[in-house]
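Chemist: Sharing a model prediction with you, sequence too.
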Amino acid sequence: AERTMNLFDLFAHECRAKRIDQKDPLLALDELIDFQQLADVVEAIAPRKQSDKGGRPPYPTEIMLRVIILKRLNNLSNDQMEFMLNDRMSFQRFTKLTHSPNIPDANTIWVFEERIGEQTAKALFAAVERQINEHGYSARKGQIVDATIVPVPKQRIRSKEKEITDQKAMPIEWTAHKRAQKDIDASWTSKHGKHYFGYKLGINVDVRCKVIRAIDLTTAKDHDLNQLESLIDMNNSNPDFFADKGYASQEKEQALAAKGLNPRVQHKKAKGKPMGKQLAKRNKTISKTRSRVEHVFGSIEQMGGKCIRVIGQKRANFVMTMMATVYNLKRFVFLQRSGFKPI
C-alpha cells in the first residue's frame, strides 16, 4: 500500500514551535527590550481611563504596545493587523497571545493609539534610546542631519475656502464629517520638478550606529534650515556635524561652531560659475559619511513611513515618532545580531 504523510497530530503546534528559527528578529527583540518598562512609560503619561460600565477587561498595556510595534514594523493597517494576529504564530508569540481566546480587533488597536498620542510617543522614543544606550550603542563618531518629504492624502479645497484654511481655520459651512477629512496643517511643496502635499521629516542619526537620535516634523513647505536647531544632538561624543547642501548657511554654521560642533556641510557652487575642484573634492568627502542617513530613510520607507494616511499634524507627529521608535528597535536587533561591537 502507498505510504502517505501523517497530516494530523494533536501536538502539531508544539512540534512546529520547537522548530522556530532562532534568527527570528521578533525573538531577539523580545529578549533585548524591556517592554514592561516601556508600558510603564505609557501608563505614567496616558493612563487607561477607568469605566464603571463593566464589560470585558481591557488588554494589558504591554500587550497592546507590542501589537502597535508589530503593526509599524510590518506596515500593516489596523484591519490587516487584526487578521495577522489571528493567523500568524510568530505574531501571537511576540504579543503573548498564543493561548488567549481573544485577539485585539482593529477598533481596539485604533483606540489604543488614540490613547497614546503625540507626547507619549515622544516619551517612548526617548525610553527606547535609553535602553539602546545602556547596551553600549551611544551616539559616537559625529552626527548626520537630513530631511525628507512625507506625503499625505491630497486635499481638494476651493480657492475661497483656501483663504480660510491658510489661517488654520475651517469654513463654517463644513460639516463635522468633512472637517474630520480635511488636513489644514499639511502644505504643498516642489522637489525635482514634482509636487508633494504633506509634511517634512527631519532626523538626526549618529555616524557609528545609524540610530535616530532626534526627529522633527514640520509642514512640507518649511525650509530644512528651520528644523536644524531642534535636530542637534549635544550628547554625541564627536563634534563632526554632517549635512547636505540644503543646510548650507554661513549663519547656521557659525551657530553650530559656537556650540562646539564642527560643521561638515556640503556647499553649493557659486551661481553662474562651474564648481571648483577643491569644492567638489570637499563635497565628495563629506558625502561618503553623510550618505549613511539615506539608508535610514530607505528602511523607514520599507515600513511605510514615506507616505502616511492620516489627517492633521498631531496624528502625523504620532505616526512618524512611532516609526522612528520602531526603526531604532529594528536597528538595535541588527546591531546585536551582526556582531557590531558596542563601546
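Modeler: Arrived safely, thanks for sending. Please read these numbers as outputs of a predicted model, since none were measured by experiment.
Chemist: buried sites along the helix or strand hosting E161?
Modeler: Using DSSP states H and E, E161 sits within helix 159-165. Buried residues in helix 159-165, defined by neighbour count with 16 or more other Cβ atoms under 10 Å: 161, 165. Every C-beta, even on glycine, is put in place using the N, C-alpha and C of the backbone.
Chemist: Other residues contacting that helix?
Modeler: 157, 170-171, 182, 184 (Cβ atoms under 8 Å, 6 or more residues apart in numbering).
Chemist: now it, how far from the chain's geometric center?
Modeler: Centroid separation between helix 159-165 and its chain, computed with Cα atoms, centre = their mean, to the nearest Å, is 32 Å.
Chemist: Show me where the stretch 51-200 of the chain has its helices.
Modeler: Per DSSP state H, counting those that start in this stretch, the stretch 51-200 of the chain carries helices over the ranges 61-73, 78-87, 89-94, 106-134, 159-165, 176-180.
Chemist: Out of those, which is closest to L261?
Modeler: Among the helices of the stretch 51-200 of the chain, helix 106-134 comes nearest to L261, with 19.8 Å by Cβ to Cβ.
Chemist: tell me the angle the closest one makes with helix 78-87.
Modeler: Angle of helix 106-134 versus helix 78-87, following axes from the mean of the first three to the mean of the last three Cα atoms, to 10 degrees, is 80 degrees.
Chemist: Tell me what angle helix 106-134 forms with helix 61-73.
Modeler: 90 degrees.
Chemist: so D146 makes contact with F241?
Modeler: No - applying Cβ atoms under 8 Å, one finds D146 not in contact with F241, separated by 11.8 Å.
Chemist: looking just at contacts, which helices and strands does the lengthiest strand in the chain meet?
Modeler: In terms of residue count, the longest strand belonging to the chain (DSSP state E) is strand 194-206. Applying 3 or more Cβ pairs under 8 Å, 6 or more residues apart in numbering; DSSP states H and E, one finds that strand 194-206 contacts strand 143-151, strand 187-191, strand 212-219, helix 228-231, helix 292-302, helix 313-337.
Chemist: and these, which is most packed in?
Modeler: With neighbours defined as mean count of other Cβ atoms under 10 Å, the helices and strands packed on strand 194-206 peak in mean count at strand 143-151, which reaches a mean of 23.
Chemist: model confidence over that one, on average?
Modeler: Here strand 143-151 scores 94 as its mean pLDDT.
Chemist: on that earlier part again, and of the helices and strands packed on strand 194-206, who's closest to S77?
Modeler: With Cβ to Cβ as the criterion, S77 lies closest to helix 313-337 of the helices and strands packed on strand 194-206, at 12.4 Å.
Chemist: Where does pLDDT dip in this protein?
Modeler: By pLDDT under 70, the weakly predicted segments of the chain are 1-23, 51-55.
Chemist: can you rerun that using 90?
Modeler: Applying pLDDT under 90 to the chain flags the ranges 1-28, 48-58, 88-90, 99, 101, 153-187, 191-193, 268-277, 302-312, 337-343.
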